[in-house]
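In: Okay, here's the prediction I keep looking at, along with the sequence it came from:
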Amino acid sequence: MAKTHEGDIPFMKPKVCILRSDGTNCDQELYYAFEKFGGNPKFVQVNELRDKSKKLKDFQILALPGGFSYGDDLASGKILAIELISFLKNQLEEFINQRGLILGICNGFQTLVRTGLLPYNKIGKMNVTLAQNESGHFECRWVKIKLEESKCIFLNKVSLPKDGLDIAVNHGEGKLLAPNKIINKIEKDNLVVARYIDRNGNQTQNYPYNPSGSIKAIAGLCDPTGRIFGMMPHPEKLVDVTQHPNWRRFQKSEINLTGKYIFDNLVKFASHS
Amino acid sequence: MIATIRIASSGKTDSKGQELLAEIKRTFKNNSITSIKTSKVYRLEGISQRDVKKLAEKALYEPIDQIISYRKPIYKANKTVEVAYKPGVMNPEVASITKAASDLGIKLLAADSSYEYAFFGKVNENLISEIINKLLVNKTVEHIVKTPPKTLVIGGEPQKTKIIPIRKLNDLKLMQLSKDKLFLNLEEMKIIRAYFQKINRDPTDCEIEILAQTWSEHCVHKTFNAKLTIDGKLKKPLFERIKSTAKNNKKIIISAFVDNSGVIDFYDGYAINGKVETHNSPSAIEPYGGAMTGSGGVFRDILGTGQGAKPIISTDIFCFANPDMDSINTPPGCLPPAYLLRRVVAGVRDYGNRVGIPTNNGSIHFHNDFRAKPTVAVGSYGVLPKKSATKKEPQIGDLIITMGGATGRDGIHGATFSSAEMSDKTMNISGSAVQIGNAIEEKRVIDAILIMENQNLISSITDCGAGGFSSAVGEMAKKTGAEIQLAKVPLKYPNLAPWEIFLSESQERMVIAISGKNLKNVEKICDLYNVPFAQIGKITNSNKLIINYKKEMVANLSMQFLHNGLPQRHMVGRSKSIKINEELPKKIKDYESIIKKIISHPNIASKEPIVRMYDHNVQGTTALYPFSGADLDAPNDGVAIKPMLSKPYGVITTHGLNPVLNNIDIYWGSIWALTEAVSNYVAIGGDLKDAALIDNFIWPFPDEESLADLDKSVDACVDFANLLKMPFVSGKDSLSSTYRYPDGKTLKIPPVLLISVFGKIPDVSKTISSDFKSTNSIVVLVGKSDLKNLGGTIYFDITGSKSAKIPQVDLKLLPKVLSTITASAKSGKILSIHDISEGGLISAISEMCFGGACGASIDLSQIDKKTRSEFILFSETPGTFLLEVKDEKATKSLFSKIPHKIIGKTQKEKTIKIKSGKKQIVSISVDKLKQVWQKPMKEIFHS
């Protein structure tokens, strides 16, 4: 584990860099989720990495939150991806080489895809895209996903929930698209971490259960090392019972906190590695 | 040289094209066009050939799902139309293109983007021009590109300051000067003339414009501050009466009617603030930009409160003509309602979602009397530390800083124009008053200001809204004085006249005053958050507003004359008598079809397709969603959020309005809106002791009749607030809901009283939703229904019935009913609750069944044995509630002291069974009813 400044307790809270740019707007709930599950999150502006007043290598986890980076007026996450490739390529490569973990949610996932970090960890080479939803517009709704056995390094040793998990989607461009050859390779390499499912628990192309029309119902991906992970839906928006849109219809114990699976396991993994 | 690139989707889906095609079929019932393909057009100026390709490949074009063409159009179609923003109109994409180029090390002078539509099938020029005019192009901000532009750079020389020889003008010429530009009346123009005669000089154009802006109805609320004589009786000014309600709950108020929003107490050393604005005039002529800049403006009002508050809720309430109104009825110069609806929704969506404030409360009302001008109300709520919650005066010597967007010619005369009535010429004359918002600019400014607030760097802050710098600086330095150097203001293009710089309402700007010692830190924060800023002047002790442009002084006005020179008006109102011949509905033969008509009435129909496009749970704070229930599609009465994620504290907000009633009985129509707003509030678990009220009066031009109406509506507000011991803390009037036809006839838009309630709740887990939670539980009607008066109800509307008697609230009983509901909510014994509102009992019970995915059997004879069944089922008495409670024992323990009737039970079978005693009235499938209820908005939004 990398050295931290706070002292010498054996299981340090892993430091999380919540990377903000103009238009980031899901940073507060992401911060709260990391904090709740034992992380030590810090807000970092891209400008602070660019001027080196803060350094990526001082963190164990890099988290890219949702939002509309720089407005998302071209493709979503595109401008931030260009900025990361143009100015922070070395820092990112160094961070990956020192076995850092990267999480991208929604706009963060779009950015990781557009930098080429997902799914094949090649900065500057896009293999898949996240295109406009088939509905043609922004979708804000709750759907179900299933976490799958995958390469994802902090999920592949833990027992995954058998049932689907409730999760929020809040995006206009989440339809994963790629040539068949790439999709087949992604499947073969076990890179699909989460898929949208219907009421019967089956992966689905049907709207609104699959809110974007994403190919093979893919909701989240990791890279072959399993250390870079991104998803369109928002696990950080369900870490407390009252964040669930229907908590009043259930006993508290019946509500499966989707965020717990992601953040608890991610933070635990980071603090033990 | 300008390089042109076109990019289109390579896949089958082209949602922009498909949506337009669907809209063409819906609007013109025409199938001759078979498909529409769209391409994005990028124009790049001052860039090398090699860099064009580089920029395209790295930033604009993704080969996985796109095709690209350099120079030529992508599609060979029968007709191709390119739609672009007019030069000078904000196109947020340009900033993205410029940043991408700069990050890639590419030299680029200017850029633009637009859309090209290729029409396939039988293309008829008339149809194309109809499509362009009604669906595709808003001429206020967009144009068809016929020949490619030669340059994208807006050049030119700054215009000179002019002297207006006002001292010599006679009354006629004074009014010519005012007309369509200053919107001041003769009396006001004469005061200005006399003032300059007294000081022995003529004013500059800048001075005249500052006076017109400061004295506009929009900014100074002449009517609300006027002395009144109503029906021969002298009455206190409206504003004074509303402000007097502060006495009702002093404990909760931190500031009322003095800051950019109303501020009340929260928990743990925090305060919450609320503001509801209207943006009707801009939205009438450019709905997309109008709604965007409305949202942007109200977020800045929240931000600009105290020393800076964080916006946490966005709300939107609209009134339009019926989307299916025959287009013949759209008045000249006005836009069709379906277009307005879709574009307003898109504006709220594209702005609020980007800024990342959950848009989670709102409603839409339809009535054809809104055909000339819609009501577009946008609200926002925020949270801030109590220590920063009271506005401070700036100190003499403080620096005046502008932050955020550059200044352009957009939005000039917004304040004066929105104070005027609308006509067929409004779009041409006032087109420049409208603009497109840039949400990311606003988001940057919000992020930076909250950091500055946290570091205590701000002496004083205000938003730059209507009236631009003129209003912001003029207000901020009202008690001191200020000197401004306009040459320091960052401009979008160079050819602005000094007065235009000072008056421009360009969006996303905030003005702050800071002590010189904080300048370095302010600069550092602005740089970190990429916020453009400039020091444009100083706070002085001169009691003068002095404006310089380079070496020339363009204005030198006494603050005293500017802010106190306008005499209080004395206005006279006279009540009109309304004659409505009563026509009662016939006995119902087919209940099912009547119920379906009610439930699919646009006012009742589900608005879910709209809410699903708004990000309503960004920030992770939403604890009571706009929709919940088994299928997450049943509407709730309001919204609750948890602004501090680690604390249980909640902010709740609800609202109420029913403009149709105001045309029948203004006093009781207003009471209806007020009761509806507070009923929603208590229904979701709120306690009125912890809440405050916000008013919005959206009124026709205050002629004698409309002024008398306004007086009665204000009386209703004050009576009601006093009755419930509640304060008004913020409000807004917009008195220009009058349209003038080319022949001089006027159309008065119905007066709208919109009441919003916001407040705090110690624990969000005590809030309640409307969906039935279980089967075999008891359904109780609480409160006293008015079963006689159904004038203005949906039932009367669909049956063409008329009555001058609208639903009356039993005001004696109401406080007790509301406090009992609050106490029951706290007890945790209410499983679900819905207030009775438009559509009556049937619409409440249906929505509760939709949410529960269950049915219910109801016996109307439990409510009343003598009244016509349909009156019981369709009466719309606010202040009455439908509740689900476990059993009779619980019912007794909760409601024994107020009128209540156990009227039935929930059931597993998904039907609603209505009987009266032994007589079966109707049995209707819940699923079928839900389909009918969801259909209207699904059609409009193609979802």
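Out: Perfect, thanks for sending it.
In: now what about stretch B:579-587, what contacts it?
Out: Residues from elsewhere that reach stretch B:579-587 (Cβ atoms under 8 Å, 6 or more residues apart in numbering or on different chains): B:664, B:791, B:795-796, B:799-804, B:868, B:870. Bear in mind the C-beta positions are built from the backbone N, C-alpha and C, glycine included.
In: Pull the number of nearby residues for B:Asp324.
Out: Counted with other Cβ atoms under 10 Å in any protein chain shown, residues neighbouring B:Asp324 total 14.
In: which bits of the stretch 401-550 of chain B sit near chain A?
Out: Within the stretch 401-550 of chain B, the positions near chain A by Cβ under 8 Å from any Cβ of the partner chain are B:438-440, B:443-444, B:447, B:527-530.
In: B:Gly537 touches B:Thr480, doesn't it?
Out: No - counting by Cβ atoms under 8 Å, B:Gly537 does not reach B:Thr480; the two are 11.9 Å apart.
In: Please, which helix or strand holds residue 44?
Out: As the question left the chain open, I've gone with chain A. strand A:40-45 (DSSP states H and E).
In: ah, I was thinking of chain B
Out: Here B:Leu44 is covered by strand B:33-45, with elements defined by DSSP H and E.
In: Next: B:Asp316.
Out: strand B:310-320.
In: so what secondary structure elements neighbour the strand holding A:Val44?
Out: In terms of contacts (3 or more Cβ pairs under 8 Å, 6 or more residues apart in numbering or on different chains; DSSP states H and E), strand A:40-45 is packed against strand A:15-20, helix A:27-36.
In: hang on, A:Tyr70 is in a strand, isn't it?
Out: No - counting by DSSP: H, G, I helix; E, B strand; the rest coil, A:Tyr70 is not part of a strand but helix.
In: what about it, distance to A:Thr111?
Out: For A:Tyr70, the distance to A:Thr111 (Cβ to Cβ, to the nearest Å) stands at 10 Å.
In: correct me, but B:Ile313 touches B:Ser380?
Out: Yes - using Cβ under 8 Å, B:Ile313 is in contact with B:Ser380, at 6.4 Å.
In: And the residue of the stretch 1-150 of chain A that's closest to chain B?
Out: A:Asn25 (2.4 Å; Cβ to the nearest Cβ).
In: Leaving out chain neighbours, which residue sits closest to that residue?
Out: Counting by Cβ to Cβ, 6 or more residues apart in numbering or on different chains, B:Gly356 is the residue found nearest to A:Asn25 once chain neighbours are left out, at 2.4 Å.
In: Look at the one you found and say how many residues are nearby.
Out: 26.
In: my guess is it contacts A:Glu29, does it?
Out: No - counting by Cβ under 8 Å, B:Gly356 stays clear of A:Glu29, with 10.4 Å between them.
In: Identify the contacts common to these two.
Out: Taking Cβ under 8 Å, 6+ apart as the contact rule, B:Gly356 and A:Glu29 both touch B:Gln619.
In: one step back: neighbour count winner among B:Gly537 and B:Thr480?
Out: B:Gly537 (27 against 21).
In: nearest residue to the more buried one other than its sequence neighbours?
Out: Spatially, and ignoring its direct neighbours in sequence, B:Gly537 is nearest to B:Ile484 (3.8 Å; Cβ to Cβ, 6+ apart).
In: For chain A, which segments count as strands?
Out: A:15-20, A:40-45, A:61-64, A:101-105, A:129-131, A:139-147, A:165-171, A:175-177, A:192-197, A:218-222, A:228-231 (DSSP state E).
In: that older thread, tell me the one of the contacts of stretch B:579-587 nearest chain A?
Out: Nearest to chain A among these is B:Tyr795, at 31.1 Å by Cβ to the nearest Cβ.
In: Let's verify the residue lying closest to B:Thr315 once chain neighbours are set aside: helix, strand, or coil?
Out: Counting by Cβ to Cβ, 6+ apart, B:Thr315 lies nearest to B:Gly379, which is 3.9 Å off, once chain neighbours are set aside. Three-state call for B:Gly379 (three-state DSSP): strand.
In: Counting neighbours, what do you get for residue 40?
Out: Answering for chain A, as no chain was given. Neighbourhood size, A:Asn40 [other Cβ under 10 Å]: 18.
In: should've been chain B
Out: 21.
In: In this structure it contacts B:Tyr115, no?
Out: Yes - applying Cβ under 8 Å, one finds B:Lys40 in contact with B:Tyr115, separated by 6.3 Å.
In: which one is B:Asp527 nearest to, not counting chain neighbours?
Out: Residue nearest to B:Asp527 in three dimensions, not counting chain neighbours: A:Asn47, with 7.4 Å by Cβ to Cβ, 6+ apart.
In: That neighbour against B:Ile525, yeah?
Out: No - proximity of A:Asn47 to B:Ile525 does not meet the contact threshold set by Cβ under 8 Å, at 11.1 Å.
In: between those two, who's got more neighbours?
Out: Taking neighbours as other Cβ under 10 Å, A:Asn47 and B:Ile525 compare with B:Ile525 leading, 22 against 18.
In: That one belongs to a helix, doesn't it?
Out: Yes - looking at B:Ile525 with three-state DSSP, it is inside a helix.
In: which residues does the residue in the stretch 301-450 of chain B that chain A sits nearest to contact?
Out: Closest to chain A within the stretch 301-450 of chain B is B:Gly356: 2.4 Å, counting by Cβ to the nearest Cβ. By Cβ under 8 Å, 6+ apart, the contact set of B:Gly356 is A:23-26, A:67-68, B:443, B:615, B:618-619.
In: and which of these is nearest B:Thr375?
Out: B:Asp615 (23.3 Å; Cβ to Cβ).
In: For A:Asn133, see how far away that closest one is.
Out: Look at B:Asp615 and A:Asn133: by Cβ to Cβ, they are 14 Å apart.
In: More neighbours: those two, which one.
Out: A direct count of neighbours by other Cβ under 10 Å for B:Asp615 and A:Asn133 places B:Asp615 higher, at 29 against 25.
In: Please report phi then psi for the more buried one.
Out: With angles defined as degrees, to the nearest 10, B:Asp615 sits at phi -70, psi 100.
In: go on, the one 5 residues further on?
Out: The phi/psi pair for B:Gly620 (degrees, to the nearest 10) reads phi 70, psi 20.
In: Ok, A:Pro233 next?
Out: phi -70, psi 170.
In: Spatially, which residue comes closest to it, not counting chain neighbours?
Out: Per Cβ to Cβ, 6+ apart, closest to A:Pro233 is A:Ile167, 4.1 Å.
In: Equivalent analysis for B:His143, please.
Out: B:Lys86 (5.2 Å).
In: and if you look at B:Cys717?
Out: Nearest non-adjacent residue to B:Cys717, counting by Cβ to Cβ, 6+ apart: B:Asp695, 5.9 Å away.
In: So that neighbour sits against B:Val729, correct?
Out: No - in this structure, B:Asp695 is not within contact of B:Val729 by Cβ under 8 Å, at 9.8 Å.
In: of those two, who's got more company?
Out: Ranked by neighbour count (other Cβ under 10 Å), B:Asp695 and B:Val729 place B:Val729 first, with 30 against 24.
In: Now the more buried one: which helix or strand?
Out: Counting by DSSP H and E, the element that carries B:Val729 is strand B:728-734.
In: Which elements pack onto the very next helix or strand once past that strand?
Out: Per DSSP H and E, the first helix or strand lying C-terminal to strand B:728-734 is strand B:738-740. Under the contact definition 3+ Cβ pairs under 8 Å, 6+ apart, strand B:738-740 sits against strand B:422-423, strand B:746-748.
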